[in-house]
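A.B. asks: Here is my input; please provide its structure:
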Amino acid sequence: MKWDGYGASIKTPDNPKAVIDCLAESLETIPAKGPSMRRYGETIAFHYGDRMGAWLGFDKDSGSIYIEAKGETTPRVVEALRSRFPDHAAPRLDVCEDYSGEGAFESLQALIRATKGAKVKGSYVALPDDTDEGRTWAAGVRGGVSYVRQYEPGKMKERMHLFAPTAVRVELEARPHYARDKQAAATMQPLQVWGLSAWTQRVGEALTQCPIPRFEPEIRRYTHDKTTAYIARTFRRHLVEMLANGEDLKRTFESVWQQDDHDHTKYRKH
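C.D. replies: Residues are numbered from 1 along each chain as shown. Now for the predicted structure:
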C-alpha cells in the first residue's frame, strides 16, 4: 500500500513560512500562486513537473494551515510533514495499491463485494459504453469515514502514459470525523488506514492477505438522558446502518435541520 493523497491541518499561526519552506523542499520546487479556494483568501501551489503536487491554504480566522497533496509525490510530502510538524492532524488520507492482468477489475470487484458486507452499498461511478475509456466502481459513502473505489487508470487519457492498459487501482479515501481520530491518523502507515472502519478492515485484509488492526478510538463516557436513550434504542437499526456506511450523523442531522429551517422560512413568507 502507498500514499496517493494526504490532507494535513497544522496550527502554526506565527510561522507559516516554515511550512511553506518544508513543502517546497520536499518537492524541490518554488512556491507559486495557488488555486482559488472559497475557504482560503489565498493559496500557494507547489508544482512537480507539469502538475501540482500539493497546495496550501492559510485560514487566518482559525490560525491553521491546511495542506493537500495528491499523486505519486505524496509520500515525500507525508514524510516531510511528519518529520517537521509531527503534531498535525490528518482529516483526509488516500492510500492505494495497483494490480494488473486480464480480468483483474472483475476479480477485485468480486473480492470487495464479498467482504464489504451487505449494508455497505456499491455502484458504478463511471461505466462508459466504450470499455476502452475505463470503468470506476466504488463502495461506501463519499465523505464518510471510508470510501473505496477501483478504476482502470491505464485507459484514462490523463493517466494512460503511466499505467499498463490492464492496470487496476484500488484506492481508499479515508476521512476521520473527530479531532482525536484525525490526530491518530497523522501517525498511521498506509496499511493501518484500512482499520479506520470495520468494513474496510475486512476489505484491506482480503486485498493484502495481511492482518490489519482495527482502529479503536478513545470512547467518551456519557450520562445519557431519557430522550437520547429512547432515540438510540428506537432507531437503533437505522442508525447502525448509517454508521456502517460511514455516514457522519452530525453532518446529516444538521443538513436536515438546515433544510427544515429554510422550508419554514419560505412558508412564512407566503
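A.B. asks: Please identify the helix or strand for Asp4.
C.D. replies: strand 2-10 (DSSP states H and E).
A.B. asks: again with Glu216
C.D. replies: With DSSP H and E as criterion, Glu216 is part of no helix or strand.
A.B. asks: picking that back up, buried residues in the helix or strand just after the strand holding Asp4?
C.D. replies: Downstream of strand 2-10, the first helix or strand assigned by DSSP H and E is helix 16-27. Of all the residues in helix 16-27, those buried under the rule 16 or more other C-beta atoms under 10 Å are Pro16, Val19, Ile20, Cys22, Leu23, Ala24, Ser26, Leu27. (Each C-beta comes from the backbone N, C-alpha and C, glycine too.)
A.B. asks: What sits closest to the third one if chain neighbours are left out?
C.D. replies: Same thing as Ile20. Pro31 (5.7 Å; C-beta to C-beta, 6 or more residues apart in numbering).
A.B. asks: Can you pull out the low-pLDDT segments for the stretch 51-200 of the chain?
C.D. replies: Scanning the stretch 51-200 of the chain for pLDDT under 70 picks out 60, 160.
A.B. asks: Show me the helices in it, by range?
C.D. replies: 74-84, 104-116, 179-185, 190-193, 198-208 (DSSP state H, counting those that start in this stretch).
A.B. asks: Just the buried residues of the longest one, please?
C.D. replies: Think helix 104-116. Result for helix 104-116 [16+ other C-beta under 10 Å]: buried residues Ala104, Phe105, Leu108, Gln109, Ile112, Thr115, Lys116.
A.B. asks: relative orientation of the top strand by length along the chain and helix 74-84 in degrees?
C.D. replies: For the chain, the strand with the greatest residue count under DSSP state E is strand 89-99. If you take axes from the mean of the first three to the mean of the last three C-alpha atoms, to 10 degrees, strand 89-99 sits at 150 degrees to helix 74-84.
A.B. asks: which other residues reach strand 89-99?
C.D. replies: Strand 89-99 is contacted by residues 1-10, 68, 70, 74, 108, 163, 167-176, 179, 182-183, 185-186, 188, 190-191, 193-194, 207-208 when judged by C-beta atoms under 8 Å, 6 or more residues apart in numbering.
A.B. asks: Quick one, which of the residues you listed are buried?
C.D. replies: 1, 3-10, 68, 70, 74, 108, 163, 167-176, 182, 185-186, 188, 190-191, 193-194, 207.
A.B. asks: got a list of what Ser26 touches?
C.D. replies: Applying C-beta under 8 Å, 6+ apart, the residues near Ser26 are Arg76, Val77, Glu79, Ala80, Leu81.
A.B. asks: Please name the spatially closest residue to the fourth one (chain neighbours excluded).
C.D. replies: In space, and not counting its chain neighbours, Ala80 is closest to Ser26: 3.7 Å by C-beta to C-beta, 6+ apart.
A.B. asks: ok, now how distant is that neighbour from Thr73?
C.D. replies: To Thr73, Ser26 is 8 Å away according to C-beta to C-beta, to the nearest Å.
A.B. asks: pLDDT value on the residue nearest to Ile20, please?
C.D. replies: Looking at Pro31, its pLDDT stands at 95.
A.B. asks: That one: neighbouring residues, count only.
C.D. replies: 17 (other C-beta atoms under 10 Å).
A.B. asks: check contacts around it.
C.D. replies: Ile20, Leu23, Ala24, Ile44, Ala45, Phe46 are the contacts of Pro31 under C-beta under 8 Å, 6+ apart.
A.B. asks: out of these, who's nearest Arg142?
C.D. replies: Ala45 (24.8 Å; C-beta to C-beta).
A.B. asks: Report the beta-bridge partners for that closest one.
C.D. replies: Applying DSSP bridges to Ala45 gives these bridge partners: Ala32, Trp55.
A.B. asks: That one is in contact with Thr29, isn't it?
C.D. replies: No - using C-beta atoms under 8 Å, Ala45 makes no contact with Thr29, being 9.1 Å away.
A.B. asks: Could you identify which of the contacts of Ser26 has the most neighbours?
C.D. replies: Counting neighbours by other C-beta under 10 Å, the top entry in the contacts of Ser26 is Val77, with 26 neighbours.
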